[in-house]
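Chemist: turn this into a structure:
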Amino acid sequence: MINGRYELDDLPIGRGGMGEVWLGHDTKLDRQVAVKFIRFPDGEPDKDYIRRFVRESRITARLEHPGVPAVYDVGTHDGRPYLVMQRIHGISVADLVAEQGALPIGWATAIAAQVCAVLTIAHEASLVHRDLKPSNLMLQPDGAVKVLDFGLAAAPTLPDFSRITATGLPPGTPAYMAPEQIQTNISGPATDLYSLGCTLHEMLTGERLFSGSTSFDVWSKQVSQPPPPVRAVRHDVPEAVEELLLHLLQKQPEDRPDGAHIVYDQLLPYATGLGPLPGVLHPPSTTSATRMYGTVLSRVFTTAPRVTSSPAPASPQPDPASLLTAPPSSRAVQPAAPPRPRQGAHSDRDGLGQARVEAARLAQESRYGQAAELLAGAVAPAAEALGDTDDDVLRARLELADALFEEGDYRRAAPTYEQLADDIARRDGRHADRALKCRLRGATCRALFGDTSQALRQLDALLGDESDAYGPDDSRTLDLRRQIGLLQLGAGQRPAAEETLGDLLKDLTRLHGATDPSAVEVAELLSGLRRSR
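Modeler: Here you go, the predicted model:
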């Protein structure tokens, strides 16, 4: 019995590198559930990992998409974090391919297109799956696909990118890991697209993209070998599908498609002829409420409206589509314009102080989204009354940015940190410690939601200022160089990364000796890169 509520079956139904899954019963609401215990990366309890795991779980719970299982609860039991989720009935795509071999082209592309729909909403929420594979895709009897195990791998922070196993390579499922994930443990939206490419190849051919006698063999092939053209194995695959597959499987993240929604558009024309799959789908005579619902939605904006009478003139309204497609930065919390003289500044300061105290309480309870909204409502009037660069306003703005970051809303956090850094630099100078830290956090956010190129540009500019402020041999400057090298790898800039990390290793060895942990870490990473050539 977990948390006095969830009664688990006698044995888990599956174990893996990420943890184990149990089926059970919610005794309070009398429903079936799946309870997933998470394995710590190093096997030892890690409070920071639990904190990030809870943050990712909350993002997952807010996705509210029919292709994502509902998250009911999250907690810890005997020091181990767990998720309580909707129990899904159906067959995994891994089992489907094992039983039936290569799938019909229509079904392979239809399953992949449904996954793209899920990835689109997840990536917009700054959530990366990181372990997308056939066993994490469940085909239900009505033909709908559920993407399992979102939120099970806590998002790495930049310092985590060099935390690798004793073998020099990160844990994961080798057959579906992107090159940047293998080399640096960096995962972004493009990483999920690579994994989708591996999965689509397997659905079309019945065979994994790369195989080998050891994990190292597979890792090496993922990093260095070009993917085999799928039409060499299966001649009836359309050329356009093969081209899309090769696009998904590009070694460098920036060479892959620009987003899951683009892949969806390219897959959809081939998702036809979705006939019965013996032993998998309900017969056509069985009513499917899910398909009924989807059929109606498919007609939205596709049929001309019937006009029965002349409508009364209406005042101009904003286009709803423009609101949905507005760039995330336009929705970010921005400081107000320079203050106008007004009365009540003292009350504004008091109100800001009260908001900060309440937000701190919410953050202590890991309710970062509520804390962010509370601070956002208090910062704007306070900035108008007291000024953008008032000490209390600056602290509140930083707390707002931190709450957005902890909530996982990196797309809003990035411009909030960046504007804050500019204002601090304008007041205290470009080398002010808080300005430099905000610039680092802003770049970190961009790296975490996949804008690696912009993050690199910002970190390169920051490196010169940190070197001036702290000195070239300061630990902060050295750590920034390590992060730049890792992000260069993540962006596919391998020669530049090896040069950056090689120069860093020389300086670490000069300063601390070859046996210093930081020098050993970089040396192992470089050794792993050379082995994978």
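
Chemist: quick check on residue 407: phi, psi?
Modeler: Geometry field for residue 407 lists phi and psi as phi -70, psi -20, criterion degrees, to the nearest 10.

Chemist: how close does the nearest residue in space to it that is not next to it in sequence get to residue 133?
Modeler: Once its chain neighbours are removed from consideration, residue 407 has its nearest residue in residue 368; the separation is 3.9 Å (CB to CB, 6 or more residues apart in numbering). Backbone N, C-alpha and C define where each C-beta goes, glycine included. Distance of residue 368 to residue 133, computed by CB to CB, to the nearest Å: 30 Å.

Chemist: also residue 489?
Modeler: For residue 489, the distance to residue 133 (CB to CB) stands at 23 Å.

Chemist: of these two, give the one with the bigger neighbour count.
Modeler: residue 489 (26 against 23; other CB atoms under 10 Å).

Chemist: ok, now which ones touch the more buried one?
Modeler: Counting by CB atoms under 8 Å, 6 or more residues apart in numbering, residue 489 touches 180, 183-184, 186, 497, 529.

Chemist: let's go with 7 Å and repeat that
Modeler: Taking CB atoms under 7 Å, 6 or more residues apart in numbering, we find residue 489 in contact with 180, 183-184, 497.

Chemist: for this structure, name the helix or strand with the lowest mean pLDDT.
Modeler: The element with the least model confidence among the helices and strands of the chain, by mean pLDDT, DSSP states H and E, is helix 320-324, at a mean of 35.

Chemist: ok, then the element right after that one?
Modeler: Note on helix 320-324: by DSSP states H and E, the next helix or strand toward the C-terminus is helix 345-364.

Chemist: now do that next one: which elements does it pack against?
Modeler: Using 3 or more CB pairs under 7 Å, 6 or more residues apart in numbering; DSSP states H and E, the elements in contact with helix 345-364 are helix 368-386, helix 391-407.

Chemist: start to end distance for stretch 287-302?
Modeler: Across stretch 287-302, the terminal residues are separated by 24 Å (CA to CA, to the nearest Å).

Chemist: can you give me the buried ones in that stretch?
Modeler: Judged by neighbour count (16 or more other CB atoms under 10 Å), stretch 287-302 contains these buried residues: residue 288.

Chemist: kindly report the same for stretch 465-472.
Modeler: Judged by neighbour count (16+ other CB under 10 Å), stretch 465-472 contains these buried residues: 465-467, 469-470.

Chemist: compile those residues into CSV and extend it with columns for pLDDT, distance to residue 107 and secondary structure.
Modeler: Conversion of the buried residues of stretch 465-472 to CSV gives the following (pLDDT from 0 to 100; distance: CB to CB, whole Å; DSSP: H, G, I helix; E, B strand; the rest coil):
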residue, pLDDT, distance to residue 107, secondary structure
465, 95, 54, helix
466, 96, 53, helix
467, 95, 56, helix
469, 95, 58, helix
470, 95, 57, helix
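
Chemist: which one of those residues sits closest to residue 20?
Modeler: For residue 20, the nearest member of the buried residues of stretch 465-472 is residue 466. The distance, counting by CB to CB, is 43.0 Å.

Chemist: for residue 12, see how far away that closest one is.
Modeler: 47 Å.

Chemist: chain center to stretch 375-382: distance?
Modeler: Its chain's average C-alpha position is 29 Å from that of stretch 375-382, according to CA atoms, centre = their mean, to the nearest Å.

Chemist: which residues does stretch 269-276 contact?
Modeler: Outside stretch 269-276, the residues that reach it (CB under 7 Å, 6+ apart) are 104-107, 109-110, 113, 143, 238, 241.

Chemist: just the ones of those in strands?
Modeler: Among the contacts of stretch 269-276, no residue falls in strands (DSSP state E).

Chemist: can you pick the most crowded of the residues you listed?
Modeler: When these are compared by neighbour count (other CB under 10 Å), residue 109 ends up highest, at 26 neighbours.

Chemist: just to revisit the earlier point, tally of neighbours for the residue nearest to residue 407?
Modeler: As a burial measure, the neighbour count of residue 368 was computed by other CB under 10 Å and equals 22.

Chemist: could you do residue 233 as well?
Modeler: With neighbours defined by other CB under 10 Å, the count for residue 233 comes to 14.

Chemist: check contacts around it.
Modeler: Contact criterion CB under 7 Å, 6+ apart gives residue 205 as the residues in contact with residue 233.

Chemist: ditto for residue 268
Modeler: residue 113.

Chemist: what of residue 32?
Modeler: Contacts for residue 32 (CB under 7 Å, 6+ apart) come out as 25, 87.

Chemist: for it, give me phi and psi.
Modeler: As for residue 32, its main-chain torsions (degrees, to the nearest 10) stand at phi -80, psi 150.

Chemist: for it, list each beta-bridge partner.
Modeler: For residue 32, the beta-bridge partners are residue 25 (DSSP bridges).

Chemist: against residue 195, how distant is residue 205?
Modeler: The separation that residue 205 has from residue 195, given CB to CB, amounts to 16 Å.

Chemist: same question for residue 297.
Modeler: In this structure, residue 297 lies at 27 Å from residue 195, with CB to CB as the measure.

Chemist: and residue 465, by the same measure?
Modeler: Applying CB to CB, one obtains 37 Å for the distance of residue 465 from residue 195.

Chemist: can you check residue 9 too?
Modeler: Distance of residue 9 to residue 195, given as CB to CB: 30 Å.

Chemist: higher neighbour count, those two?
Modeler: Each of residue 9 and residue 195 has its neighbours counted (other CB under 10 Å); residue 195 has more, 28 against 11.

Chemist: let me know the secondary structure of the more buried one.
Modeler: helix (DSSP: H, G, I helix; E, B strand; the rest coil).

Chemist: could you do the one 4 residues further on as well?
Modeler: Here residue 199 takes the helix state, with states given by three-state DSSP.

Chemist: quick one: contacts for residue 226?
Modeler: With contacts taken as CB under 7 Å, 6+ apart, residue 226 has no neighbouring residues.

Chemist: hey, where'd the strands end up in this protein?
Modeler: Taking DSSP E as the criterion, the chain carries its strands at 6-8, 14-16, 19-26, 31-38, 71-77, 80-86, 91-92, 137-139, 145-147.

Chemist: helices or strands up against the first one?
Modeler: Contact partners of strand 6-8 among helices and strands, from 3+ CB pairs under 7 Å, 6+ apart: strand 19-26, strand 31-38.

Chemist: and among those strands, the most buried is which?
Modeler: Among those, strand 31-38 has the highest mean neighbour count (mean count of other CB atoms under 10 Å), at a mean of 20.

Chemist: where among the strands of the chain is the average confidence lowest?
Modeler: Averaging pLDDT over each of the strands of the chain singles out strand 14-16 as the lowest, with a mean of 72.

Chemist: related to what we said a few turns ago, of all the contacts of stretch 269-276, which comes closest to residue 402?
Modeler: Of the contacts of stretch 269-276, the one sitting nearest to residue 402 (CB to CB) turns out to be residue 113, at 37.7 Å.

Chemist: got a list of what that closest one touches?
Modeler: If a contact means CB under 7 Å, 6+ apart, then residue 113 has 264, 267-268, 271 as its contacts.

Chemist: number of residues surrounding the closest residue to it other than its chain neighbours?
Modeler: What sits nearest to residue 113 in space, not counting adjacent residues and going by CB to CB, 6+ apart, is residue 267, at 4.2 Å. Burial measure for residue 267: 23 neighbouring residues, criterion other CB under 10 Å.
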